[in-house]
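Colleague: Quick one, what's the 3D model for this:
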Amino acid sequence: MKLRVLVALLAVAACDPQVVVDKAVARTAETVITPVVGPVAARCIIENGTAQELRAIAVDVGVEAGTSTVQNIQAIAGRPATLACVAQAALGQ
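Modeller: Numbering: from 1, shown residues only. Here you go, the predicted model:
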């Protein structure tokens with residue numbers, strides 16, 4: 001039991017704090033994006049947005065996405081990699 005706790009603590013200590021923050025921001029941004037484009041496209045937008053773009057989108061958490069947020073979502077959604085992700089997801093479903 002003590003070994004498991006020690007391993008868990010070492011794993012947490014090894015985490016890069018910025019990675020943890022980026023993941024939290026991405027999850028928050030996804031809650032803003034999903035009502036705008038749906039869950040499949042939201043996942044692809046999260047995968048193809050930059051950390052800065054996702055932070056800007058996440059600001060609208062808990063409220064309806066504003067004009068600049070929708071524009072950010074549309075910009076990311078229009079990228080070739082995002083479009084390919086959505087198309088691949090559609091074929092997989």
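
Colleague: host element of Glu47?
Modeller: Using DSSP states H and E, Glu47 maps to helix 39-48.

Colleague: For that helix, list every residue counted as buried.
Modeller: Residues of helix 39-48 classed as buried: 40-46, 48 (neighbour count, 16 or more other C-beta atoms under 10 Å). Placement of C-beta: from N, CA and C, glycine included.

Colleague: Residues contacting that helix, please?
Modeller: Under the contact criterion C-beta atoms under 8 Å, 6 or more residues apart in numbering, helix 39-48 has outside partners 26, 29-30, 33-34, 36-37, 54, 73, 76-77, 79, 81-82, 85-86, 89-90, 93.

Colleague: Mind doing that once more with 7 Å?
Modeller: For helix 39-48, contacts defined as C-beta atoms under 7 Å, 6 or more residues apart in numbering pick out 26, 29-30, 33-34, 37, 54, 73, 76-77, 79, 81-82, 85-86, 89.

Colleague: Would you mind putting the CA coordinates of that helix into CSV?
Modeller: Taking C-alpha atoms only, helix 39-48 is exported to CSV below (Å, rounded to 0.1, in the frame of the first residue of the first chain):
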residue,chain,number,x,y,z
PRO,A,39,-19.3,17.5,-29.4
VAL,A,40,-17.5,16.0,-32.4
ALA,A,41,-16.4,19.3,-33.9
ALA,A,42,-15.6,20.6,-30.5
ARG,A,43,-13.1,17.8,-29.9
CYS,A,44,-11.4,18.5,-33.2
ILE,A,45,-11.3,22.3,-32.4
ILE,A,46,-9.7,21.6,-29.1
GLU,A,47,-7.1,19.3,-30.7
ASN,A,48,-6.2,22.0,-33.3
